[in-house]
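[1] Predicted structure and sequence below. I'll ask about it afterward.
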Amino acid sequence: MNLILLGPPGAGKGTQAKILEEQYGLKQLSTGDMLRAAIAAGTETGLKAKAIMDKGDLVSDDVIVGIVSERLDKPDVAKGVVFDGFPRTPAQAEALDKMLAGRGSKLDAVIEMRADDEALVGRIAGRFTCKTCGKSYHDKFQPTKKPGVCDNCGGTEFVRRADDNEKTVRDRLQVYNRQTAPLVSYYAKAGKLSVVDGMAEIGAVTASIAKVLNGVAKG
Ligand code: ADP
Ligand code: ADP
Ligand code: ZN
């Protein structure tokens, strides 16, 4: 099963993708995480992407489609993928359709996670992630169970993203509304879109997503 979590920054895509990995054996494919890994590794792609990401703009479709295509050729995606933060433009969505078709696969569902802009700004401002396993936390909404220790992997180092500040978040929200929101109608037309309330508690959002996926599995 392949699904897309579609939603603005802070909607909870990464949080839910990690839960889906555990519950369904799917692989999270986060283009944001892949770009941050490229920056950390100091690759040419990373160097070019960094300035764009710091501004909250989108990295070019060619670069993104290239890294996703390479990723889809790895064997660990065989059970299916949760796309998190990809596609973000109509050109990426069309490229994804082709990449999956070329591999004898297809997209099963697109889940739009909706949330209010002001809530999103608050979520992003308090976000931090485990340096080791990438799990997202929030100072108020999702703290670690034990202070300073990752629930998931026991890691004790955490990172806050350079682009998770109020100014850049507002720019990223505009970029989402302008360049990514058109994908809602693209996938509605394809009969693949479901909407969940991303303002609900994390467990309630997980339950809404499970309902959608059960429907897909039954056909
Ligand atoms: P995205 O991947 O869509 O940018 P994240 O999953 O990283 O979003 O979530 C953004 C922030 O909001 C994180 O700090 C996370 O802990 C928190 N968060 C995620 N889902 C919820 C929720 N349903 N309610 C409150 N906070 C949430
Ligand atoms: P968010 O938590 O806001 O959803 P991501 O980690 O998905 O953020 O993305 C961080 C940044 O990486 C984006 O603001 C953008 O610059 C770049 N990026 C990530 N995925 C894509 C993509 N599919 N297309 C273009 N740029 C991307
Ligand atoms: Zn961890």
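    Looks like it arrived, so ask away. Ligands and ions are numbered 1, 2, ... in the order given.

[2] Show me the longest helix that occurs in the chain.
    Counting by DSSP state H, the longest helix found in the chain is helix 202-218.

[3] Which positions in that one come out as buried?
    205-206, 208-209, 212-213 (16 or more other CB atoms under 10 Å). C-beta coordinates here come from the backbone N, C-alpha and C atoms, glycine included.

[4] And stretch 36-46, end to end?
    Taking CA to CA, to the nearest Å, stretch 36-46 runs 7 Å from one end to the other.

[5] tell me the mean pLDDT over it?
    Throughout stretch 36-46, pLDDT has a mean value of 94.

[6] what's the offset of it from the middle of its chain?
    18 Å (CA atoms, centre = their mean, to the nearest Å).

[7] Go through that stretch and flag the buried ones.
    Judged by neighbour count (16+ other CB under 10 Å), stretch 36-46 contains these buried residues: 36, 38-39, 45-46.

[8] check contacts around the residue nearest to the spatial centre of the chain.
    Nearest to the mean C-alpha position of the chain, by CA atoms, centre = their mean, lies residue 84 at 2.3 Å. Residues in contact with residue 84 (CB atoms under 8 Å, 6 or more residues apart in numbering) are 5, 13-14, 17, 28-33.

[9] Contact partners for the spatially closest residue to residue 95 that is not a sequence neighbour?
    If the residues on either side of it in the chain are set aside, residue 95 comes closest to residue 65, at 4.5 Å by CB to CB, 6 or more residues apart in numbering. When contacts are counted by CB under 8 Å, 6+ apart, residue 65 touches 92, 95, 99.

[10] helix/strand/coil for residue 65?
    helix (DSSP: H, G, I helix; E, B strand; the rest coil).

[11] Next one: it from ligand 1, what distance?
    The gap separating residue 65 from ligand 1 is 20 Å, by CB to the nearest ligand atom, to the nearest Å.

[12] now residue 94
    For residue 94, the distance to ligand 1 - CB to the nearest ligand atom - is 23 Å.

[13] hmm, back to that, just the ones of the contacts of residue 84 in strands?
    The members of these that map onto strands under DSSP state E are 5, 28-30.

[14] wait, which of those residues is closest to ligand 2?
    residue 30 (6.1 Å; CB to the nearest ligand atom).

[15] Please tell me I have it right and that closest one contacts residue 85.
    Yes: using CB atoms under 8 Å, residue 30 makes contact with residue 85 at a distance of 5.4 Å.

[16] for the closest residue to residue 180 other than its chain neighbours, what are its contacts?
    Among residues not flanking residue 180 along the chain, residue 88 sits closest, at 4.7 Å (CB to CB, 6+ apart). Counting by CB under 8 Å, 6+ apart, residue 88 touches 31, 58, 64, 176, 179-180, 183.

[17] Now distance to ligand 2, pLDDT and neighbour count too, for the residues you listed, in JSON lines please.
    JSON lines is the format used below for those (distance: CB to the nearest ligand atom, whole Å; pLDDT from 0 to 100; neighbours: other CB atoms under 10 Å):
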{"residue": "31", "distance to ligand 2": "3", "pLDDT": "98", "neighbour count": "22"}
{"residue": "58", "distance to ligand 2": "4", "pLDDT": "98", "neighbour count": "19"}
{"residue": "64", "distance to ligand 2": "4", "pLDDT": "98", "neighbour count": "24"}
{"residue": "176", "distance to ligand 2": "8", "pLDDT": "97", "neighbour count": "20"}
{"residue": "179", "distance to ligand 2": "9", "pLDDT": "98", "neighbour count": "16"}
{"residue": "180", "distance to ligand 2": "9", "pLDDT": "98", "neighbour count": "21"}
{"residue": "183", "distance to ligand 2": "11", "pLDDT": "98", "neighbour count": "20"}
